[in-house]
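Colleague: the amino acid sequence is not available; the structure is as follows:
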C-alpha cells in the first residue's frame, strides 16, 4: 500500500503544496500567493486549509508526515526566522508546530537548499550516496551538504553557505556586505554581470540590453554566442575553484547543481568540469562527479520538502 | 580503577609511544627512530617490542586499545599508505592489523591532524563540542574536522585538506602542483617566505638570513620586530579568509590551532581573529571562537593518537 507525505515549498511570491506518493509521484498540487498574507496566523491557516482540501480531493485519509522547505527555515525551531529578506511577513512563522498540532503528524522544516539536497538523496541522482553537495543556483547561490548520509546543519543550523565563500578576494561587492562571494559570479544576477562585462570588453561602447535575463544569456550561450559563452566561462572559473575548495573540505562523491542558470546545460557544465578538475587537489582528481540534478525542475522543491519528512 | 590505552605518533624521524591513563595522563613514554628501519616488518616488530616493554615497566596487564596517528594514515584500511612522502619505508605499513593481532585489542589509525582533533575533543579544549575544526600548523597545514561529534572522513577517508584550499588564485606555487594554497602562507615554510618578502619590502637589498626559521620569526614577532609582525600579519590575513570560508561550510563552534607557528601566540592570534571576523558572513559574526589547542605541545600527538582508541 502506498504512503503519502505533504511537501511545501515556500517562496516570496508563491507557496506550493503537493501530495507526494512514496515513489516520488506528485499526485496532487496547488498553491497560494505568499505575498497576499499579512500575518503568520492567516498565512498558516490558509496553508492548513489547502492541505485539507488536497487530501479530500485525492481521497487520502492518512499522512506520513509534512516537510517544508523555506528561505531562512530553521530546522531546530521548525520555524521560519523573523525578518526573512524575501517574505512580506516579518515575524517568525512557527509553521512546524502549527501544522503538527493541526494534522497530528511529524513536521520537518529546513532551508530550501537543504530540502533540495534531501530530495536528490531520496528521489533523485544521489540515491545511495553518503557524501554529496547540492548547489542551488538562482537569485542567490544556496547549498545543502550531506555528510555520512545526513544533512550537515552545524552548531546552530546555519552550515552550508557555500554561496558566500569568498573566491575573489577584493572582488565584486556582495549583498552580504563583503566582496568576492561565489554568489556574485554564479547566481542569475552574477551571470548577467559577467555578460555585461564580456560585452563591454568585446564590443566597447555597445549598449547592454536593459532587460537582460539569465535565461537569455543561457540560451545565447547554448547557441554559441561568444559573449554569452564567455559569461558562462567566468561563472565556471570561479564556481569551479569554489567547488574544488569545498571538495577538500568534505570529499564528496558528487556535487549536484540545480536551478535556472543550469538550463544552459553544457555551456555551463563543460567549462565547470574543466575548471573544477584543474583546481582539484591531486588526491581527488577524477574521483568527484559534477552532475545536474536528476529531478524535474518543476517538482524538485516540493519533492525536496516532502523528502525532509522521511528523515 | 584506571584504564590504559597506547598512543603512537608516527613521524618521519621518530615514532613516539606513550601509555595514556583514562584521565589523559601519560604514565610512560619512549620512542624509536622511524628512519632507521628499512622494512614494514622490522619497523612494526620494533614498535610491538617497545609497547611490551612499556607495559612491563609500568606493571600494566590490560590495555583498552591502541591508537595511531600517522602521515597518510588511512582509517579504513588501518594502514599507512604506500609512498608516503616523509617516510623511508615506501611500502604500505599494515600496522593496525599487526598490532591488533599481537595484543588482541582494537586498533584505530588515522592521519595526524584527525588524531589531534580527537585528542582535543577527548582531553582538551573541545570537550563537549559537537562541531569544531582543528588546524595543525607545521611543515604543512593539516586539518581535522568534527561534525556532530564525529570526524568527517569523506567518501574515501580523505576529507579535511584545508591546508590545500586555494585562497590566493594565481598565488605562490605549492608543492601539490597548484597555486595559492593556504599552506603556502600559514605553514612554517610559508611564514619564512612572508618574512623574506616583508624584509625585502622594508629594507631593499638587505640579505635574508640563510638559516631563517619559523621559530626565529615567531620570537621576533613577539618582541615587536616590524618585519616579523608583518610576516605574521600576512599569515593571519590569508588564514583568516580560509577559516571564514571553512566556517561557512560547517558552522563550527570553534576553530583550534596547534603546532610550532602558534608559539608566536598573540602575534598570530590577534590579527588572525581580526581578519577572521572581517571575512566572516554576518550570520556567524561573533559566534565562532578561534582558540589555541589546550593540550601541551609535547603531549598532543600521543594524546591524540590514544584518543582515537576511544572512538
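Modeller: Everything's here; your move. Everything numeric in this text was worked out from a predicted model, so none of it was measured.
Colleague: contact partners for the residue in the stretch 201-311 of chain A that chain B sits nearest to?
Modeller: Distance from chain B to each residue of the stretch 201-311 of chain A (C-beta to the nearest C-beta) is smallest for residue A:251, at 2.6 Å. Where C-beta positions appear, they are placed from N, C-alpha and C, glycine not excepted. Counting by C-beta atoms under 8 Å, 6 or more residues apart in numbering or on different chains, residue A:251 touches A:131, A:284, A:288, B:153-160.
Colleague: repeat that with 6 Å
Modeller: With contacts taken as C-beta atoms under 6 Å, 6 or more residues apart in numbering or on different chains, residue A:251 has the following neighbours: B:154-155, B:158-159.
Colleague: without its sequence neighbours, what residue ends up closest to it?
Modeller: Spatial nearest neighbour of residue A:251, excluding adjacent residues (C-beta to C-beta, 6 or more residues apart in numbering or on different chains): residue B:154 at 2.6 Å.
Colleague: can you report how many residues lie near the one you found?
Modeller: Neighbours of residue B:154 under the rule other C-beta atoms under 10 Å in any protein chain shown: 24.
Colleague: can you check the one 3 residues further on too?
Modeller: Residues within reach of residue B:157, counting by other C-beta under 10 Å, total 18.
Colleague: would you confirm that it contacts residue B:77?
Modeller: No - when contacts are counted by C-beta atoms under 6 Å, residue B:157 is not listed as touching residue B:77 (8.3 Å).
Colleague: the residue nearest to residue A:251 and residue A:240, how far apart?
Modeller: From residue B:154 across to residue A:240, the span is 19 Å (C-beta to C-beta, to the nearest Å).
Colleague: do the same with residue A:130
Modeller: Residue A:130 is 24 Å from residue A:240, by C-beta to C-beta.
Colleague: ok, the residue of the stretch 51-200 of chain A found nearest chain B - contacts?
Modeller: Taking C-beta to the nearest C-beta as the measure, the stretch 51-200 of chain A has residue A:154 as its residue closest to chain B, at 2.5 Å. The contact partners of residue A:154, by C-beta under 6 Å, 6+ apart, come to B:131, B:250-251.
Colleague: around chain B, pick out the residues from the stretch 201-311 of chain A.
Modeller: A:245, A:248-251, A:253, A:281, A:283 (C-beta under 6 Å from any C-beta of the partner chain).
Colleague: contact partners for the residue lying closest to residue A:279 once chain neighbours are set aside?
Modeller: Using C-beta to C-beta, 6+ apart and skipping the chain neighbours, the partner closest in space to residue A:279 is residue A:244 (3.6 Å). For residue A:244, the contacting residues are A:276, A:279-280, by C-beta under 6 Å, 6+ apart.
Colleague: tell me the spacing between residue A:244 and residue A:275.
Modeller: 8 Å.
Colleague: ditto for residue A:16
Modeller: Residue A:16 sits 34 Å away from residue A:275, going by C-beta to C-beta.
Colleague: higher neighbour count, residue A:130 and residue A:240?
Modeller: A direct count of neighbours by other C-beta under 10 Å for residue A:130 and residue A:240 places residue A:240 higher, at 23 against 15.
Colleague: I'd like the average pLDDT over the host helix or strand of that one.
Modeller: Per DSSP states H and E, residue A:240 falls inside helix A:226-250. Averaged over helix A:226-250, pLDDT sits at 98.
Colleague: strand partners of the helix or strand following it, parallel vs antiparallel please.
Modeller: For helix A:226-250, the following helix or strand on the C-terminal side (DSSP H and E) is strand A:254-258. Its sheet considered, strand A:254-258 pairs with strand A:132-137 (parallel), strand A:289-292 (parallel) by DSSP bridges.
Colleague: what's the offset of stretch A:53-72 from the middle of its chain?
Modeller: For stretch A:53-72, the separation from the chain centroid amounts to 21 Å (computed by C-alpha atoms, centre = their mean, to the nearest Å).
Colleague: may I see the buried residues of it?
Modeller: A:54-55, A:60, A:63-72 (16 or more other C-beta atoms under 10 Å in any protein chain shown).
Colleague: can you get me the start-to-end distance on that stretch?
Modeller: The first residue of stretch A:53-72 is 27 Å away from its last residue (C-alpha to C-alpha, to the nearest Å).
Colleague: what's next to stretch A:121-136, contact-wise?
Modeller: Identification of contacts with stretch A:121-136 by C-beta under 6 Å, 6+ apart yields A:24, A:113, A:116-117, A:120, A:142-146, A:148-149, A:252-259, A:291, A:294-295, A:303, A:307, A:310, B:154-155.
Colleague: most tightly surrounded among the strands paired with strand A:254-258?
Modeller: Across the strands paired with strand A:254-258, averaging neighbours per residue (mean count of other C-beta atoms under 10 Å in any protein chain shown) puts strand A:132-137 on top, at a mean of 29.
Colleague: what lines up beside the helix or strand just after that one in the sheet?
Modeller: Once the chain leaves strand A:132-137, the next helix or strand it forms, by DSSP H and E, is strand A:141-147. The sheet places strand A:141-147 alongside strand A:132-137 (antiparallel), strand A:150-151 (antiparallel), with pairing taken from DSSP bridges.
Colleague: quick one, which of those gets closest to residue B:81.
Modeller: strand A:132-137 (24.5 Å; C-beta to C-beta).
Colleague: quick one: the closest one to helix B:226-250, angle?
Modeller: 90 degrees (axes from the mean of the first three to the mean of the last three C-alpha atoms, to 10 degrees).
Colleague: what parts of the stretch 1-150 of chain A come near chain B?
Modeller: Residues of the stretch 1-150 of chain A lying close to chain B (C-beta under 6 Å from any C-beta) are A:131, A:147.
Colleague: quick one: the helices in the stretch 1-150 of chain A?
Modeller: A:40-57, A:95-103, A:112-123 (DSSP state H, counting those that start in this stretch).
Colleague: what distance separates the shortest one from the centre of its chain?
Modeller: When you say that, I think you mean helix A:95-103. Counting by C-alpha atoms, centre = their mean, helix A:95-103 comes out at 24 Å from the chain centroid.
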